[in-house]
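> Structure, please.
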Amino acid sequence: MKLYKLLITLLFTFLAIAVFAQSSNELKRKKEAYEREIEQLQKVLKKTASGKKLTVQQYNAINTQIRLRQSKIGVINSEIKNLDNQISANTNTVHTLQGQLGDLKKEYAGMVRFAQRNRNAYDKMMFIFAAKDFNQAYKRIKYLQQFSQYRKKQAGYIESTKKDLNGKILVLDRTLKEKSNLLKDQEREKDKLGKDKSVQANLIGKFNKQEKQLKQDIATRKKQQAQIDRAITAAINREIAARRRAEEEARAAAAKAAAIAAAKARAENKPVAATPAEAKPAKTSNSDVLTNTPADAKLSSGFENNRGRLPWPVATGSITERFGVHKVDQASINNEGVNITTAEGSSVRAVFDGEVFMVQTIYGKYFVVIKHGDYFTVYQNLRSVSVSKGERVNTKQTIGVVANTGDVAELHFEIIRGQSKQNPEAWISK
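This is a model prediction of the structure:
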């Protein structure tokens, strides 16, 4: 029973450790991802620090670095919590094994004393011959044999338990060292976070001094973005209108064909066929979503099914300006996509299969729009493009190269359904 309890305890401990290990590996992957993003942003900030002119991109980069560092500290805290659980589980196992080892040693000592008292062959023979009958004598012989075998097994249990105990103590020592290293890492990150916040405070101070220039930069950006948005909206509206005209023409042609067929049937005194569904008047729709062909419907469905799993439009980068309305100092910005800071010269790639809907230049920079059925993806601020309108593209196919905004390589990325802007962070993979 004691051995059974020990095995049950060890089984639950191993299961708990397996769960902790899986969770720990996931946390380590997250931490490494944050470290890569922070390292890339530090390169951007180092490059922009020498410039006299303060930019919105520089301000966004330090804010993002603070957010990433806070997230990294959160991951470290989760890792420490995981290790505490592992330490607790291993400590309980060590105590269980120590108690079990003590019990096994006591039992073994009792067997040794019994064997010592009955060590000579004469005593054993007397024990057997003192039996009342042959059946009892046989049982006593089997008892002595089994006792000898059990004593050997008991010695094996003791050695095995010692080995398990020493192994758990080693694991416990490693876990304690790992926790100590994580606590040091946590302190370093907190120190760096404090320095980042000091840099942020200095930037805000500079913004106050350069307030006029900052407002001009933001106004210019809004003007450029509005021009691009108008061009995209107009193109999508034309596409919707063209689709509706094509549908109406198809319905009219179907109705005309049905009327001719009906007139011919009446003239020949034949039964008049029922009006096909295509010939029935269509309901008026105010939807701003494209009416899909079967191929486009399939593409839309595929795009929707990959929500949260779409690849990033660049291989590496950090979202330095998020979706929605936010403030830079006193100025308000409504970002209808996300801005991704990446390495200079990075390739921009399609996030899903589709057809190139638009390729245009505004203020010396390219933007590309790809249609995925009902959905459109926008890739803005490209210095060059490698696709043309009407071309079919595949997921992760290169469509151009990101341009610099000031000293920062930054891609503006949007997802649109009809005319409704979507939050790209809800669509691309984490």
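> what packs against the helix or strand Arg174 falls within?
Per DSSP states H and E: Arg174 is located in helix 134-209. Secondary-structure packing of helix 134-209 (3 or more Cβ pairs under 8 Å, 6 or more residues apart in numbering; DSSP states H and E): helix 2-48, helix 56-117, helix 121-129. C-betas here are computed from N, CA, C, even on glycine.
> what's the domain layout of this structure?
Using automatic domain parsing, the domain ranges for the chain come out as 2-209, 306-426.
> closest to Ile236 out of those domains?
domain 306-426 (6.3 Å; Cβ to Cβ).
> what mean pLDDT would you report for the closest one?
Mean pLDDT, taken over the full extent of domain 306-426, equals 90.
> Now do that domain: distance to the chain's middle.
Taking the mean of its C-alpha atoms, domain 306-426 sits 20 Å from the chain's own mean (Cα atoms, centre = their mean, to the nearest Å).
> cool, and stretch 80-96?
Computed by Cα atoms, centre = their mean, the chain-centroid distance of stretch 80-96 equals 28 Å.
> Alpha carbons only: can I get that stretch in PDB?
Output in PDB follows, covering the C-alpha atoms of stretch 80-96 (Å, rounded to 0.1, in the frame of the first residue of the first chain):
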ATOM      1  CA  ILE A  80       8.500  32.900 -11.700                       C
ATOM      2  CA  LYS A  81       4.900  31.800 -10.600                       C
ATOM      3  CA  ASN A  82       5.400  28.600 -12.700                       C
ATOM      4  CA  LEU A  83       8.700  27.900 -11.100                       C
ATOM      5  CA  ASP A  84       7.200  28.500  -7.600                       C
ATOM      6  CA  ASN A  85       4.600  25.800  -8.500                       C
ATOM      7  CA  GLN A  86       7.300  23.500  -9.700                       C
ATOM      8  CA  ILE A  87       9.400  24.100  -6.500                       C
ATOM      9  CA  SER A  88       6.300  23.400  -4.400                       C
ATOM     10  CA  ALA A  89       5.500  20.200  -6.300                       C
ATOM     11  CA  ASN A  90       9.100  19.000  -6.200                       C
ATOM     12  CA  THR A  91       9.500  19.900  -2.500                       C
ATOM     13  CA  ASN A  92       6.400  17.800  -1.700                       C
ATOM     14  CA  THR A  93       7.800  14.900  -3.700                       C
ATOM     15  CA  VAL A  94      11.100  15.200  -1.900                       C
ATOM     16  CA  HIS A  95       9.300  15.100   1.500                       C
ATOM     17  CA  THR A  96       7.200  12.100   0.300                       C
END
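> buried set for that stretch?
Neighbour-count burial for stretch 80-96, counted by 16 or more other Cβ atoms under 10 Å, picks out 80, 82-83, 85-87, 89-90, 93-94, 96.
> and which of the residues you listed is nearest Glu26?
Asn82 (9.9 Å).
> I'd like the distance between the closest one and Leu27.
Applying Cβ to Cβ, to the nearest Å, the value for Asn82 to Leu27 is 7 Å.
> Could you do Leu83 as well?
When distance is defined by Cβ to Cβ, Leu83 is 10 Å away from Leu27.
> for Ile232, same thing?
When distance is defined by Cβ to Cβ, Ile232 is 40 Å away from Leu27.
> before we move on, what about Lys142?
With the distance defined as Cβ to Cβ, Lys142 ends up 57 Å from Leu27.
> More neighbours: which of these two?
When Lys142 is set against Leu27 and neighbours are counted by other Cβ atoms under 10 Å, the residue ahead is Leu27, at 19 against 10.
> The more buried one contacts Val75, correct?
Yes: taking contacts as Cβ atoms under 8 Å, Leu27 lies within contact range of Val75: 5.4 Å.
> The helix or strand containing Thr320 pairs with which strands?
Per DSSP H and E: Thr320 is located in strand 318-321. Applying DSSP bridges, strand 318-321 is found paired with strand 338-342 (antiparallel).
> if I've got this straight, Lys409 is in a strand?
Wrong residue type there; residue 409 is Ala, not Lys. Yes: residue state for Ala409 (DSSP: H, G, I helix; E, B strand; the rest coil) corresponds to a strand.
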